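K.L.:
curious how this folds, go ahead:
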Amino acid sequence: MARPRRGRLRWWLLGGLAALVILVAGGTWLYIHVIEGPAPAPLSLKSGASSNTTSAGPNSASTAAAVAGMWRVSAGSIVGYRVNEVLAGQNNVAVGRTSNVTGSLTIRGTSVTAASFSVPMDTIKSDESERDVQFNGRIMETSTYPTGTLRLTTPIALGSLPATGVIRTYHATADLTLHGHTRKVTFPLSAERTAAGIEVSGSIPVLFADWDIGNPSFAGFVTTQNHGLLEFLIKFSRS
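P.N.:
As a prediction, this is how the structure comes out:
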């Protein structure tokens, strides 16, 4: 008589485990897609106008003179990360950001001759405190490597400068310092001259191993790709 009871008990245990898995997966889906909602949109310039041409305009000389000089990072600038992850079987996009950004931009004639920005890494926050604990601890070790920096290493030729409100795409070469390591990166960026100054946005693929960054995957519950994006929207005002 004991054998049928053990069989029923085994099936009850298996059924309970299956129900638990469904409950966890369903709860995670509900949290990600209903309670938490979609991840913030990628950082980008919002103007509807765009241009990739380099033809000279009638006021190109005066436009160049208007933008030449030193510019400083101003309020409204944002830097952060974007990483695809699987959370308890559900696809999710982890996003962390900070508005604590400092830096500068130098334009001589129609070339950007110097540019950089830095962020205190422990000010980057996501929508999950536990994710932030992992980010500051074993992943980025922010107490040991407190600052992330992007510094232009090759001048950017702007060509003829577009009118205010027109977005132009350029390519940049820079040194990216993360987790105590500096690597050369090349990437496209978008720039726009506004009534208040200059705005620049872009994203840089980051392969974690290249900067000796620990993979964010955690305890079998969260699995991430081996790379992510550093994204930025920098607003410059006249220094």
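K.L.:
could you report the pLDDT at residue 222?
P.N.:
Looking at residue 222, its pLDDT reads 81.
K.L.:
list the contacts of it.
P.N.:
Neighbouring residues of residue 222 by Cβ atoms under 8 Å, 6 or more residues apart in numbering: 85-87, 216. C-betas here are computed from N, CA, C, even on glycine.
K.L.:
select only the buried ones of those residues in PyMOL?
P.N.:
A single PyMOL command is used to select the members of the contacts of residue 222 judged buried by 16 or more other Cβ atoms under 10 Å:
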select buried, resi 85+87+216
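K.L.:
could I get the contacts of residue 222 as a markdown table with pLDDT, distance to residue 42 and secondary structure?
P.N.:
Below are these laid out as a markdown table (pLDDT from 0 to 100; distance: Cβ to Cβ, whole Å; DSSP: H, G, I helix; E, B strand; the rest coil):
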| residue | pLDDT | distance to residue 42 | secondary structure |
| --- | --- | --- | --- |
| 85 | 89 | 16 | strand |
| 86 | 85 | 20 | strand |
| 87 | 75 | 20 | strand |
| 216 | 86 | 19 | coil |
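K.L.:
with distance to residue 133 added, can I get the contacts of residue 222 in TSV?
P.N.:
Compiled in TSV, these are given as follows (distance: Cβ to Cβ, whole Å):
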residue	distance to residue 133
85	16
86	20
87	16
216	12
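K.L.:
what is the nearest of the contacts of residue 222 to residue 72?
P.N.:
Using Cβ to Cβ, residue 216 comes nearest to residue 72 of the contacts of residue 222, at 32.7 Å.
K.L.:
quick one: contacts for the closest one?
P.N.:
Counted by Cβ under 8 Å, 6+ apart, residue 216 has contacts 83, 85, 94, 134-135, 139, 208, 222, 224.
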